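**Q** predicted model follows, preceded by the sequence.
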Amino acid sequence: MMQLHRANNVADLRRIASRRLPRPIFDYIDGGADDEVSLRRNVDAFARYDLIPDVLNDVSAIRTETRIFGQASRWPLMLSPTGLTRMFHGHAELAVARAAAKHGLIYSLSTMGTTRLEDLAQAFAGPKVFQIYIFKDRGLTAEFVARCKDAGFDGLALTVDTPVAGNRERDRVSGFSLPPKLTLTSLLSFARHPAWSLPALTGAKFSLANVSHKVDLLASGPMSLFDYIGAQFDRSVSWRDVEWLASQWNGPLAIKGVMTPEDARRSVASGATGVMVSNHGGRQLDGAPAPIDQIEAVRAAVGDAPDVICDGGIRRGSDVVKALALGATACSIGRPYLYGLAAGGEAGVDRVLSMLGDEFQRTLALAGVNDVAALSRRHVRKSEGWR
Ligand SMILES: Cc1cc2nc3c(=O)[nH]c(=O)nc-3n(C[C@H](O)[C@H](O)[C@H](O)COP(=O)(O)O)c2cc1C
Ligand SMILES: CC(C)CC(=O)C(=O)O
């Protein structure tokens with residue numbers, strides 16, 4: 001099996017993760033909705049942009065610092081919220097957050113995370129965002145706002161692309177459940193993946209730590225994600241909820257899952273300070289456009305001030321350069337750091353962030369750009385004759 005230190009890129013880490021994880025767990029991370037058209041498109045769309053370099057521009061020092069959610073970030077990348085993290089590695093969210101802090105990047109904790117937001121805040125001094133799903137129990141949303149204020153979270157992200165669960169067929173086939181079901185087949189699969197099973201099964205008990213005090217469906221046994229989302233997520237969420245949340249929180253707030261200029265404008269008009277342009281990594285509406293293809297129009301719609309974060313399909317540092325040139329404030333990654341986590345815990349996340357950071361720096365140098373703020377539309381163009 002390839003070792004962590006031999007991994008050269010995100011694709012290598014994905015391969016290591018696929019060998020270390022039982023198949024249903026890897027497929028849950030890796031998969032998308034329906035025919036996985038958007039999942040593939042998110043990644044492929046980056047190849048349809050050319051980078052146009054400047055030369056002789058003194059790239060001996062390159063400034064990459066930026067601000068996202070009002071916080072300093074060492075370079076324009078952040079870590080997207082991902083649920084159920086303890087299933088992928090026993091050290092779960094804390095391992096990811098520690099690696100993010102080491103790299104000076106913003107970490108986001110999901111409502112569906114497996115570490116209490118207070119515990120994360122205590123262990124992690126770096127900039128952090130809490131991602132909100134609105135449950136039918138609306139009391140939880142008000143509670144999140146109060147708890148995030150107390151714990152010192154810097155921003156909120158409200159995910160709006162999941163009124164119902166996307167149709168993840170790999171999960172249907174594998175019988176993926178939370179927590180993993182101990183059937184004869186899964187036990188065999190766990191036995192074949194001891195590197196995963198030991199920390200995962202002997203570590204802290206799996207729970208949806210931020211909601212389980214109110215909604216402890218899992219107490220009655222494993223259930224599918226489809227059933228959980230159907231039972232708990234509130235489909236009646238609307239723009240009024242954005243206004244309410246913005247007024248209660250009164251701080252940096254991004255709407256995650258916005259895809260159009262119109263909805264981006266409406267997000268800002270409703271009190272958000274930014275949008276995460278995202279199709280949920282191709283896990284919800286299959287057929288949705290790639291986030292990178294929406295960035296230019298979204299930026300034009302909201303003007304210079306709001307954060308516009310390109311979320312989905314980033315697998316290279318050069319992808320971030322392209323998104324910035326099209327008008328994004330920053331990019332955000334999900335699977336890349338989860339592959340790293342599964343491949344090697346905190347060291348694996350550290351590895352993926354180092355690789356992407358090096359690629360980003362190198363791309364800027366080769367493109368003749370010595371300050372991220374100087375990246376502009378002329379550095380990128382839609383490829384001609386691409387197929
Ligand atoms: C395993 C997994 C779990 C996720 N859980 C959440 C979640 O709890 N909340 C959320 O807003 N998005 C969630 N997402 C979506 C990510 O935040 C992000 O939008 C997506 O992963 C970006 O695409 P990428 O994986 O190509 O980087 C999840 C994604 C994955 C792969
Ligand atoms: C636990 C889930 C709701 C997390 C999620 O958003 C996803 O799997 O894409």
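**A** Cool, got the structure. These numbers were taken from a predicted model, which means no experiment stands behind them. Ligands and ions are numbered 1, 2, ... in the order given.
**Q** what is whatever helix or strand residue 27 lives in packed up against?
**A** Counting by DSSP states H and E, the element that carries residue 27 is helix 23-30. When contacts are defined as 3 or more Cβ pairs under 8 Å, 6 or more residues apart in numbering; DSSP states H and E, helix 23-30 packs onto helix 10-20, helix 169-174, helix 184-191, helix 335-366. (C-beta placed from N, C-alpha, C; glycine too.)
**Q** beta partners for the closest residue to residue 276 other than its chain neighbours?
**A** Spatial nearest neighbour of residue 276, chain neighbours left out: residue 256 (3.9 Å); criterion: Cβ to Cβ, 6 or more residues apart in numbering. Counting by DSSP bridges, residue 256 forms beta bridges with residue 159, residue 276.
**Q** next, the contact list for residue 156, please.
**A** Residue 156 sits next to 129-132, 144-145, 148, 245, 249, 251-254 when contact means Cβ atoms under 8 Å, 6 or more residues apart in numbering.
**Q** quick one, phi/psi of it?
**A** phi -120, psi 150 (degrees, to the nearest 10).
**Q** for it, which non-adjacent residue is spatially closest?
**A** Leaving aside its chain neighbours, residue 156 sits nearest to residue 253 (5.0 Å; criterion: Cβ to Cβ, 6+ apart).
**Q** please pick the buried ones from the contacts of residue 156.
**A** 129-132, 144-145, 148, 245, 249, 251-254 (16 or more other Cβ atoms under 10 Å).
**Q** tell me the one of these nearest ligand 2?
**A** residue 131 (8.9 Å; Cβ to the nearest ligand atom).
**Q** that closest one belongs to a helix?
**A** No: read with DSSP: H, G, I helix; E, B strand; the rest coil, residue 131 is strand and lies in no helix.
**Q** pretty sure it contacts residue 109?
**A** Yes: with contact defined as Cβ atoms under 8 Å, residue 131 reaches residue 109; the gap is 6.7 Å.
**Q** tell me, what's touching the two both at once?
**A** Contacts common to residue 131 and residue 109, judged by Cβ under 8 Å, 6+ apart, are residue 81.
**Q** separation between the residue nearest to residue 156 and residue 16?
**A** To residue 16, residue 253 is 36 Å away according to Cβ to Cβ, to the nearest Å.
**Q** likewise residue 64?
**A** Distance from residue 64 to residue 16, by Cβ to Cβ: 27 Å.
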